[in-house]
Every structure is written in C-alpha cells, then in structure tokens.
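Asker: Mind looking at a prediction? Sequence and model below.
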Amino acid sequence: MRKLNLYLKEDTLNHQFVHLKKQKSPFKDYYREKQQEAASTVLKQASLANAVAVVKDTFPFEYLTFGNQMRGNVEYELQQIEKQKEIEYKPVYDSTSFKIPEEHRDKINKWLEYDSRMRIEGNITRSRCLFLIGPTQHGI
C-alpha cells in the first residue's frame, strides 16, 4: 500500500510539473506583444533609418546581437511594401479618355513624321522628346 501511495504522489507531482511547464509565463506574453507592436510600428515607417531606430529603441540587446539580420529583414519588408504600392497604382484618369488636342495636332504630326520616323530609320541617333502639356485629361 505504501508503494502505491508513493507512485500516486509521484504521478501527481509529475502531472503538476507538466501542467506548470505548459503554462505561458507573463513575461513571454509581454515580450510577444512587445514584438508584435514593434513589428507593426517598424513596417509603418517611411524610411529604413526610422524603422531601424524603432528596432534599436525597442530591442537594444537583440539589435546588438542580431542587428545585421534585423536590418536586412526590415529593408526587405519595406521594399516589398513599396513594390506592392507600385503594383496597385491606378492613374487618376482612364487611359481610354486620352485624346490629342486639336491645337497641338500639327506639332504632333510633324514630330511623328520627322523625329520619330528619322530615328526609326536610323538617320538620326537621338530624337527630340515630345511633351504634351495641357488641360486635364489630355494626357495621363
């Protein structure tokens, strides 16, 4: 009976130890929240320098230890955000609304006939640029 009692006590202690081990510590929860907040703040920064400053202030020891990796990750993520913004860009006016203004039609035709055609045929190495400046929706 005594042996059985010892086994029961040991089993109970083991169960309590496993239960304690599985519980999250408040420090880990706080640290995880701090990481999430810092990551969110970093990704909202306009420049890499500002983002790195946030990381340095929030996690000074980790930055000293893993600074190059952190900086590289932040730089990559900021570049991806910028690329996504460029992909999602929509022009102000629809490109189908473009029309050549009558007052500039002669100049544009002259440019197409002379500069553009000469460049295509290889008669000149550089053609003049054509800029259209006019009222809204005359260009994109």
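Answerer: Sure, I can see it. Residues are numbered from 1 along each chain as shown.
Asker: Let's verify the residue nearest the centre of the chain: helix, strand, or coil?
Answerer: Centroid check for the chain by CA atoms, centre = their mean gives I81 as the closest residue, at 1.8 Å. I81 falls in the helix class when you classify it by DSSP: H, G, I helix; E, B strand; the rest coil.
Asker: burial measure for V55, as a count.
Answerer: 22 (other CB atoms under 10 Å). The C-beta positions use only the backbone N, C-alpha and C, and glycine is treated the same way.
Asker: And for L64?
Answerer: Counted with other CB under 10 Å, residues neighbouring L64 total 9.
Asker: Quick one, grab the pLDDT at it.
Answerer: With respect to pLDDT, L64 has a value of 86.
Asker: wait, doesn't the residue nearest to the centre of the chain sit right on K44?
Answerer: No: I81 sits out of contact with K44 when judged by CB atoms under 8 Å, with a separation of 9.3 Å.
Asker: Please report how far the closest residue to E75 other than its chain neighbours lies from N73.
Answerer: Leaving aside its chain neighbours, E75 sits nearest to L48 (5.4 Å; criterion: CB to CB, 6 or more residues apart in numbering). Distance, L48 to N73, by CB to CB, to the nearest Å: 11 Å.
Asker: now swap in R32 and tell me
Answerer: On the measure of CB to CB, R32 and N73 end up 17 Å apart.
Asker: what's the domain layout of the chain?
Answerer: 2-87, 91-140 (automatic domain parsing).
Asker: re the thing from before, leaving out chain neighbours, which residue sits closest to the residue nearest to the centre of the chain?
Answerer: Closest to I81 by CB to CB, 6+ apart is L43, at 6.7 Å.
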